[in-house]
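> for reference, the sequence and a predicted model appear below.
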Protein chains: 2
Amino acid sequence: MASRPSFREFAEHWLPRLETEIREVLRCPDPMLAGHYRMMHYHMGWLDEQFRPGRFPTGKRIRPLLCLLACQEVGGRPEDALPAAAALEIFHNFSLIHDDIEDQDTTRRHRPTLWALWGTAQAINVGDGMFALAYAALLRLGQQGLEPPRLLSIVERFTRTAVMLAEGQHLDLGFERRDRVTVEEYLRMIAGKTASLLAASLAMGAAVGGADPEAQEALSRFGHNLGMAFQIRDDILGIWGDPAVTGKPAGSDVLRRKKSLPLLYALAHPEVGPVLQSRWTQALGPEEMPEILALLDQAGARAYAEDVLQGFHREGIQALEEALGFRAPASPLMALADELVERVA
Amino acid sequence: MASRPSFREFAEHWLPRLETEIREVLRCPDPMLAGHYRMMHYHMGWLDEQFRPGRFPTGKRIRPLLCLLACQEVGGRPEDALPAAAALEIFHNFSLIHDDIEDQDTTRRHRPTLWALWGTAQAINVGDGMFALAYAALLRLGQQGLEPPRLLSIVERFTRTAVMLAEGQHLDLGFERRDRVTVEEYLRMIAGKTASLLAASLAMGAAVGGADPEAQEALSRFGHNLGMAFQIRDDILGIWGDPAVTGKPAGSDVLRRKKSLPLLYALAHPEVGPVLQSRWTQALGPEEMPEILALLDQAGARAYAEDVLQGFHREGIQALEEALGFRAPASPLMALADELVERVA
């Protein structure tokens, strides 16, 4: 039996073809519209600020790769899923463009954000264009001969996901203004904002690959749990990550007052909560970090977050086993799940 | 032969059912998300600023009505097209929410805009949610039994339109900053921003109603030409409309420096152009209006715009005759085309 390629080898093989597919969809149809499409190409990492070609950081393209891999793992051909993979990545990037405006973030991937360069109006509209083009990408599945009923069920799944993403973002925007956010609300938010698109990535790839509804559903649950675990790892690293590895200051999420899972847990703690809450309303600088970290420790916030994370990880693995049966342990999806959850940056 | 109901009667009959369909799609699925959906309901004219129910100005719902009417005129049942009609209206309203942010308009339909009340971040996201929900509305056609291949072709048409709308808006945003805009560029802009959605409204209704591809295409051309004529009528009224009828100050588009068709034509005029251009760069108040109007007159700008408008109107009528044959003259679509083009406000 040939040894199964790792996720990294899989990515190296498919990333260039994925990029070709995305470029095809985002191709400018008319010189009059060059500006509109060049802004998209800038955001995708293909052009610099003066619209000169180059290779800039693009993000990991994790969603489209999961889609292609899911297609392969259920016995399909990854190339058949390229339109769906492109749709997921274009959609993800539309949401980043709008998130950056909403959060007033001026840099992403070490480059100025679209709105910072070309203004809010153009950036909103470029995002809208990419939202529409994500559907255009997806519909190319039909040109590849996917039967209409299966394609429609994929379009439905994609649409449900887009609705959930906006719902999750609504919660996230609201949390910043509120004093109290429950752990339940927080988990609901990351389910919409992060986990839903990962779940869709796997389900859509599986659907293209010909998986039956049960296997699609199990892979979707794998994606959901992977996304939840992934986000909570982010939360833990945002407070306790090694600055030398993450590239961010120690406790950066505390300094940004980000209401992440460990903090929300500590804020709800009967003894620690009120103390933390009163510190929270005052100015927070690096000199307050030791005290804040001690309070989080006292509440057991890190151990709690790790527990919740492991729970999602376990449920994800179980779903993967349901979907792939005896082939699950050797699947690159299994290795990827471990990797994403154990990462230190 | 029973007399054919007028467009007004048709609208009165179908508007309540359309509203029910839209409400069903925009229904809040979870109390935690109430704020997200209530902002949509405010924008749709169903709630006031404190989220108390009421009936506020909603706009004319012209796109969904055209969709339902097209379905009827090709021999289908309008009720079958309700999901497509709802999709068009939800999509149109998403685009208004984002337009208002992009243009920094603080009122629409005599009420504060969404971003003016709840901030840019929430308003962008509510728009994104409605964009996704427009697709959710459209996919309900499948639950009504529309065959998957036909539904897919409708989803494709809708997607092409969404792409074109963002392209048109890109041009519009760019025009504001530029000194020179050609008439050709302008027509391209309104084709994307206004005419494409009207064209889609008719084509989608016709597709649901079972029209063959040629009839769909002819009705789409009718919608395109109707949209072009409609926008140019807007341009003419924006300069020469009677303030007592339009409710806007005389020459309001001139005062707002809006680059509409008559102005662009005059700016390109060999003699008038340079004079107008130099006035344009100075402050413009009501006292400068007589001089500007005289310049537009000298260039023949109004007659030119009327000519272009009549050309689109004629082509629209011709397309309608191609689509409906001998039934065209008696169709409410014909009456509507005349009405929209001859209106004075």
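Sure thing, it's come through. Numbering: from 1, shown residues only, chains lettered A, B, ... in the order given.

> tally of neighbours for the residue nearest to A:Thr113 when sequence neighbours are not counted?
Distances taken as CB to CB, 6 or more residues apart in numbering or on different chains put A:Asp100 closest to A:Thr113, at 4.2 Å, once the chain neighbours are dropped. Bear in mind the C-beta positions are built from the backbone N, C-alpha and C, glycine included. By other CB atoms under 10 Å in any protein chain shown, 21 other residues sit near A:Asp100.

> residues in contact with A:Asp100?
A:108, A:113-116, A:123 (CB atoms under 8 Å, 6 or more residues apart in numbering or on different chains).

> between those, which sits nearest A:Ile292?
A:Arg108 (27.1 Å; CB to CB).

> next, the contact list for the closest one, please.
By CB under 8 Å, 6+ apart, the contact list for A:Arg108 reads A:96, A:100.

> those strands in chain A, which residues are they?
A:107-108, A:111-112 (DSSP state E).

> surely A:Met39 touches A:Gln122?
Yes. Counting by CB atoms under 8 Å, A:Met39 does reach A:Gln122; the two are 6.6 Å apart.

> CA atoms only: put the lowest-mean-pLDDT helix or strand in chain A into CSV for me.
Every helix and strand in chain A was compared by mean pLDDT, DSSP states H and E; the lowest is helix A:243-246, with a mean of 81. What follows is helix A:243-246, C-alpha atoms only, in CSV (Å, rounded to 0.1, in the frame of the first residue of the first chain):
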residue,chain,number,x,y,z
PRO,A,243,5.6,36.3,22.2
ALA,A,244,8.7,35.0,20.5
VAL,A,245,6.6,32.4,18.6
THR,A,246,3.3,34.2,18.0
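
> burial measure for A:Thr281, as a count.
9.

> burial count for the closest residue to A:Gly238 other than its chain neighbours?
Among residues not flanking A:Gly238 along the chain, A:Asp253 sits closest, at 3.4 Å (CB to CB, 6+ apart). Here the number of neighbours of A:Asp253 (other CB under 10 Å) works out to 21.

> any idea how far A:Leu295 is from A:Asp253?
Using CB to CB, to the nearest Å, one obtains 14 Å as the distance from A:Asp253 to A:Leu295.

> helices along the stretch 101-250 of chain A, start to end?
For the stretch 101-250 of chain A, the helices defined by DSSP state H, counting those that start in this stretch occupy A:114-118, A:120-143, A:148-175, A:183-190, A:196-208, A:213-240, A:243-246.

> would you single out the least confident of the ones you listed?
Confidence, taken as mean pLDDT, is least for helix A:243-246 of the helices of the stretch 101-250 of chain A (a mean of 81).

> what lies in contact with stretch A:310-326?
The contact list for stretch A:310-326 (CB under 8 Å, 6+ apart) reads A:73-74, A:206, A:211, A:214-215, A:218-219, A:221-222, A:224-226, A:228-229, A:232, A:328, A:331, A:333-334, A:337, A:341.

> by proximity to chain B, which residue of the stretch 201-345 of chain A wins?
A:Ala207 (14.2 Å; CB to the nearest CB).

> how far off centre is stretch A:183-202?
Relative to its chain's centre, stretch A:183-202 lies at 9 Å (CA atoms, centre = their mean, to the nearest Å).

> now do stretch A:16-27
20 Å.

> likewise for stretch A:322-331?
Relative to its chain's centre, stretch A:322-331 lies at 24 Å (CA atoms, centre = their mean).

> buried residues in stretch A:300-311?
A:300-302, A:304-305, A:308-309 (16 or more other CB atoms under 10 Å in any protein chain shown).

> dump the residues you listed into JSON lines; add pLDDT and distance to chain B as well.
Shown next, in JSON lines, are the buried residues of stretch A:300-311 (pLDDT from 0 to 100; distance: CB to the nearest CB, whole Å):
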{"residue": "A:Gly300", "pLDDT": "97", "distance to chain B": "27"}
{"residue": "A:Ala301", "pLDDT": "97", "distance to chain B": "23"}
{"residue": "A:Arg302", "pLDDT": "96", "distance to chain B": "27"}
{"residue": "A:Tyr304", "pLDDT": "97", "distance to chain B": "22"}
{"residue": "A:Ala305", "pLDDT": "97", "distance to chain B": "22"}
{"residue": "A:Val308", "pLDDT": "97", "distance to chain B": "19"}
{"residue": "A:Leu309", "pLDDT": "97", "distance to chain B": "23"}
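
> out of these, which are inside helices?
The helices, defined by DSSP state H, take in A:301-302, A:304-305, A:308-309 from those.

> can you pull the contacts of the residue of the stretch 201-345 of chain A closest to chain B?
Per CB under 8 Å, 6+ apart, neighbours of A:Ala207: A:150, A:153-154, A:157, A:216.

> return the members of the contacts of stretch A:310-326 classed as buried.
A:73-74, A:206, A:211, A:215, A:218-219, A:221-222, A:224-226, A:228-229, A:232, A:328, A:331, A:333-334, A:337, A:341.

> what's the local residue count around A:Leu88?
Around A:Leu88 there are 31 residues (other CB under 10 Å).

> kindly apply the preceding question to A:Glu49 instead.
The number of residues packed around A:Glu49, counting by other CB under 10 Å, is 10.

> correct me, but it touches A:Tyr42?
Yes. Counting by CB under 8 Å, A:Tyr42 is a contact partner of A:Glu49 at 7.0 Å.

> shared neighbours, the two?
Common neighbours of A:Glu49 and A:Tyr42 (CB under 8 Å, 6+ apart) are A:Leu117.

> and for A:Leu264, the neighbour number?
Neighbours of A:Leu264 (other CB under 10 Å): 23.

> distance of it from A:Leu296?
11 Å.

> then A:Glu217?
37 Å.

> who's more crowded, these two?
Neighbour tally, A:Glu217 and A:Leu296, criterion other CB under 10 Å: the higher count belongs to A:Leu296, 25 against 17.

> which residue, neighbours along the chain excluded, lies closest to the more buried one?
Nearest to A:Leu296 is A:Ala266, by CB to CB, 6+ apart, at 5.1 Å.

> please consider this matter closed, and thank you.
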